[in-house]
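Colleague: need a 3D model of the following:
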Amino acid sequence: MVDILEVCSVAGVRPDLGIAFAAWSNPRGFGPLSLLWDHCPTFGEVVRITSRYLHLENQALGSVVEREGDDVCLRHFTAVPAQFGSQQFMEAILALDVRLARMMFGERWAPIRLQLTCAPPRIERFRRSYFACPIEYGALRNAMVIRQEDMDRAQPHANASMLAYLESQLDRIARSRPNGLVEQVEQAVLANLPGGTANLDLIAQMLVQSRRTLQRRLGEEGHSFASIVLEVRKRVAEEYFSSEPRPQLTELAYRLGFADATIAGRFLAAHLRPARVMRRKRASAPRDIATEVH
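Modeller: Numbering: from 1, shown residues only. Have a look, this model is predicted:
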């Protein structure tokens, strides 16, 4: 999906394809997760629910919520390497965020600003018209900054009972996935690693087990929670270096769940060989899409 959006954007000469796709698509068509959005009491709850269950719908996407003074930054990143880049996919996700917010606040709502890692396009009328806010190009992240008061604004049509019921159903779906225990823990860790929330207590709660039971069952399969977290972090780091044209240690630290870049640097030095990382980065760097399409 990530590569298809990028290729079609070039082949169709549509630099706004990702945004147009989000504007055209049916918000109710994104699987069981989309059923919860109408019943959330605040936009902040929409963000929480989406972050918690996103891995059930799409394991290519990661999200982080960061406080910036009185504002909130909702940042997205791809968790898989892409041959042709991921900008259209990122813009589609940000456009969907705006569309969900406008479903709650009205069509005239706009974020404070948008941050995109890409260079400014030759024509950006559609992008500026859709987001209706200042856009910063060449940023270190793909993100939307909104007001904290918008995150907390109560919605009169929220249904707490229906939200609780649907959330319990998603928990049931997560538990019923055919993957084995190790795969379930890996998915849960991957979904919660950004921001440092992938701890044993949370993962055990998501899998409806006590932490002692989870540790015992992992031990019976020859694993530990710490070893799984280590392997997931190594995989995330390698995929980051293979897909990011301008890798940033601070950004990687967030994705790995570390508090600062110094800890992430020590992790890389201990567990990844620089030569191997750079070989993967060169081998999978985004190719010239226009050349390959034509």
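Colleague: so Arg108: helix, strand or coil?
Modeller: Secondary structure assignment for Arg108 (DSSP: H, G, I helix; E, B strand; the rest coil): coil.
Colleague: ok, now which ones touch it?
Modeller: Arg102 (Cβ atoms under 8 Å, 6 or more residues apart in numbering). Backbone N, C-alpha and C define where each C-beta goes, glycine included.
Colleague: now swap in Gln248 and tell me
Modeller: Gln248 is in contact with Leu140, counting by Cβ under 8 Å, 6+ apart.
Colleague: now with 10 Å?
Modeller: Counting by Cβ atoms under 10 Å, 6 or more residues apart in numbering, Gln248 makes contact with Thr117, Leu140, Arg141, Tyr240, Tyr254, Ala261.
Colleague: over to Arg127?
Modeller: Residues in contact with Arg127, defined by Cβ under 10 Å, 6+ apart, are Pro15, Asp16, Gly18, Ile19, Glu91, Ala95, Leu114, Leu116, Pro120, Pro121, Ile135.
Colleague: need the phi and psi values for the fourth one.
Modeller: Dihedral pair for Ile19: phi -70, psi -40, per degrees, to the nearest 10.
Colleague: right, and it touches Phe126 too?
Modeller: Yes - counting by Cβ atoms under 10 Å, Phe126 is a contact partner of Ile19 at 6.6 Å.
Colleague: the two - which one has more neighbours?
Modeller: Using other Cβ atoms under 10 Å as the criterion, Ile19 and Phe126 rank with Ile19 on top: 23 against 15.
Colleague: and the gap between the residue nearest to that one when sequence neighbours are not counted and Val232?
Modeller: With Cβ to Cβ, 6 or more residues apart in numbering as the criterion, Ile19 has its nearest non-adjacent residue at 4.4 Å, and that residue is Ala95. Using Cβ to Cβ, to the nearest Å, Ala95 is found at 29 Å from Val232.
Colleague: ok, these two, which is more surrounded?
Modeller: In this view Ala95 and Val232 are compared by other Cβ under 10 Å, and Ala95 has more residues nearby, 23 against 20.
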